[in-house]
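[1] fold the following for me, if possible:
(one chain, ligands or ions: 2)
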Amino acid sequence: MPNVMNTVAMVQTAPRTLQARELPVPDIGDDDGLLRVEACGICGSDCEQFTGVLPVRMPVIPGHEPLGFIEKVGKNAAKRWGVREGDRVVVEPILSCGNCAICKRGLRHLCSDMSEGFRCYSYIPVATPPSLWGAYSKFMYLDADTMMHKIDPTLPPEIAVLYNPLGAGFRWAGELGGIKAGDTVLIIGPGQRGLASVLVAVAAGAERIIVSGLSKDQNKLALARRYGATHTINVDEDDLVSSVREITGGAGADVTVEVSAYAVEPVAQSLSTTKRGGTIVLAGVKGMKEVPGFVSDLAVVQELTIKGALGVTSTAFRDAIALIERREVDLSAMHTHSFPLAEAETAVRTLAGEIEGESAIACCLLIDSD
Ligand SMILES: [Zn+2]
Ligand SMILES: [Zn+2]
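    Ligands and ions are numbered 1, 2, ... in the order given. Sure, this is the predicted structure:
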């Protein structure tokens with residue numbers, strides 16, 4: 001009998017159904033590797049995957065924000081990734097060719113080589129060998145097209161795993177928003193990516209940082225203030241546009257970063273919260289809904305720049321890792337919940353706000369691999 005080692009993964013078999021399953025640990029060749037998963041951040045999109053809002057082929061192992069150790073690595077892969085067995089790394093979610101025109105511009109998260117379809121950890125089904133394509137698992141396969149980064153092995157896992165939301169802050173508020181010293185920045189949505197945007201705005205020297213949220217977001221708005229937000233707005237009580245106008249003396253923000261989930265109203269409002277010549281970054285997905293009241297003339301007459309933001313560049317991941325490794329910011333306040341692998345469902349539902357009495361900011365799985 002072949003000596004095949006098995007591992008345990010949480011497999012999504014249907015909407016709202018995660019089951020523990022034993023799967024074989026694959027053999028590794030010269031160009032790929034195997035990650036021993038230590039922790040996996042829970043993404044907002046994990047909630048949409050869990051409920052079935054995101055159309056994902058099942059059965060599938062969710063989880064695309066892994067932190068872990070290189071368990072095995074082929075000799076070519078080791079050279080390409082610059083890692084050795086035992087190194088602690090974080091893994092980028094999207095698999096890209098590295099050779100197309102878009103990849104060569106440094107935008108590997110937008111790779112245009114779709115010959116094998118859109119390839120991203122947590123969305124490749126178990127039926128595609130070698131099955132371990134997600135980080136809700138003790139081991140995750142490392143495909144040859146993977147991008148990864150080493151991270152300080154002495155950081156607590158629940159802090160190191162924040163590289164993903166922080167990377168989004170560096171990409172969305174930093175690289176795309178182009179925040180400069182002295183700017184006024186409006187961040188709509190105080191979730192983990194909104195808070196990351198606050199940290200990036202502070203680092204860029206923004207003078208005024210306004211964060212908006214709902215009544216249920218009070219703990220997040222308080223943390224935004226602790227991280228350097230100068231103003232917070234509860235849009236359940238106050239109108240967003242008139243509050244921003246009041247705070248900015250009628251001018252609006254240089255940069256508006258829209259990171260709220262599902263709400264379409266802020267997208268229309270951002271045309272009125274942004275200064276003439278300013279920039280709007282749209283990063284919150286809305287379930288493909290249309291935006292009522294979106295008056296494009298407001299963008300024309302004010303020469304607004306509107307940018308969409310999807311993923312995170314390698315440069316933004318590196319900036320996020322550097323911020324974590326400097327240990328200057330108390331990131332422990334952002335991490336609110338850890339769960340063992342077997343409680344992945346509770347982890348997702350906690351981030352989604354489905355668990356009564358729990359107010360989560362960042363949640364992760366802490367995976368015990370022994
Ligand atoms: Zn994600
Ligand atoms: Zn490419």
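[2] could you measure from residue 20 over to residue 7?
    To residue 7, residue 20 is 11 Å away according to C-beta to C-beta, to the nearest Å. Yep, even glycine has a C-beta here, placed from its N, CA and C like the rest.
[3] and what of residue 79?
    26 Å.
[4] thinking again about what came up before, ok, residue 20 and residue 7, which is more surrounded?
    Legend: neighbour count by other C-beta atoms under 10 Å for residue 20 and residue 7, higher for residue 7 (20 against 12).
[5] how about the residues of this structure by ligand 2?
    Neighbours of ligand 2 within the chain, by C-beta under 5 Å from the ion: 96-97, 100, 103, 111, 113.
[6] what is the nearest of these to residue 336?
    For the residues of the chain next to ligand 2, the minimum distance to residue 336 (C-beta to C-beta) is 31.9 Å, reached by residue 96.
[7] right, and the closest one touches residue 105 too?
    No - when contacts are counted by C-beta atoms under 8 Å, residue 96 is not listed as touching residue 105 (11.6 Å).
[8] what's the first-to-last distance across stretch 79-92?
    17 Å (C-alpha to C-alpha, to the nearest Å).
[9] give me the beta-bridge partners of residue 187?
    Beta-bridge partners of residue 187, counted by DSSP bridges, are residue 211, residue 257.
[10] now do it against residue 298, distance only.
    Shown here: residue 187 relative to residue 298, a distance of 20 Å by C-beta to C-beta.
[11] of those two, which one has the most company?
    The neighbour count for residue 187 versus residue 298, taken as other C-beta under 10 Å, is higher for residue 187 (34 against 14).
[12] list the contacts for that one?
    Contacts for residue 187 were tallied using C-beta atoms under 8 Å, 6 or more residues apart in numbering; they are 173, 194, 197-198, 201, 209-212, 224, 229, 256-257, 259.
[13] please apply the same query to residue 358.
    For residue 358, the contacting residues are 337, 350, by C-beta under 8 Å, 6+ apart.
[14] need the pLDDT of it.
    Residue 358 is assigned a predicted lDDT (pLDDT) of 92.
[15] hang on, it is in a strand, isn't it?
    No - remark: residue 358 does not belong to a strand; assigned using DSSP: H, G, I helix; E, B strand; the rest coil, it is coil.
[16] give me the number of residues near residue 368?
    Residues near residue 368, counting by other C-beta under 10 Å, number 9.
[17] over to residue 212?
    Other residues within reach of residue 212 by the criterion other C-beta under 10 Å amount to 28.
[18] isn't it up against residue 186?
    Yes - Residue 212 is within contact range of residue 186, at 7.2 Å (criterion: C-beta under 8 Å).
[19] close to ligand 1: what parts of the chain are there?
    The chain comes close to ligand 1 at residues 43, 45, as judged by C-beta under 5 Å from the ion.
[20] switch to 6 Å and redo it
    Within reach of ligand 1 by C-beta under 6 Å from the ion, the chain has these residues: 43, 45, 64-65.
[21] so how far is stretch 72-79 from its chain's centroid?
    In terms of C-alpha atoms, centre = their mean, to the nearest Å, the centre of stretch 72-79 is set 27 Å apart from its chain centre.
[22] report the mean confidence score over that stretch.
    98.
[23] and stretch 338-355, by the same measure?
    Mean predicted lDDT for stretch 338-355 stands at 97.
[24] ok, now stretch 8-24?
    98.
[25] one step back: ok, and the most crowded of the residues of the chain next to ligand 2?
    Greatest neighbour count in the residues of the chain next to ligand 2, by other C-beta under 10 Å, goes to residue 96: 22 neighbours.
[26] show me the contacts for that one.
    Residue 96 makes contacts with 103, 108-109, 111, 113, 119, 145, 147, as judged by C-beta under 8 Å, 6+ apart.
[27] what of residue 4?
    Taking C-beta under 8 Å, 6+ apart, we find residue 4 in contact with 24-25.
[28] that one and ligand 2: what is the separation?
    Separation of residue 4 from ligand 2 (C-beta to the ion, to the nearest Å): 34 Å.
[29] show the pLDDT at the spatially most central residue of the chain.
    Geometric centre of the chain, nearest residue: residue 165, 4.1 Å, by C-alpha atoms, centre = their mean. For residue 165, the pLDDT comes out at 97.
[30] quick check: it touching residue 362?
    Yes - judged on C-beta under 8 Å, residue 165 makes contact with residue 362 at a distance of 6.3 Å.
[31] and for these two, which residues touch both?
    Common neighbours of residue 165 and residue 362, using C-beta under 8 Å, 6+ apart, are 41, 192, 334.
[32] just give the nearest non-adjacent residue to the second one, would you?
    It stands for residue 192. Once flanking residues are discounted, residue 192 sits nearest to residue 165: 3.9 Å by C-beta to C-beta, 6 or more residues apart in numbering.
[33] and if you look at residue 142?
    Here the residue nearest residue 142, using C-beta to C-beta, 6+ apart, is residue 33, at 3.7 Å.
[34] so the one you found touches residue 75, yeah?
    No - counting by C-beta under 8 Å, residue 75 is not a contact partner of residue 33; they are 10.5 Å apart.
[35] neighbour count: the two, which is higher?
    residue 33 (26 against 10).
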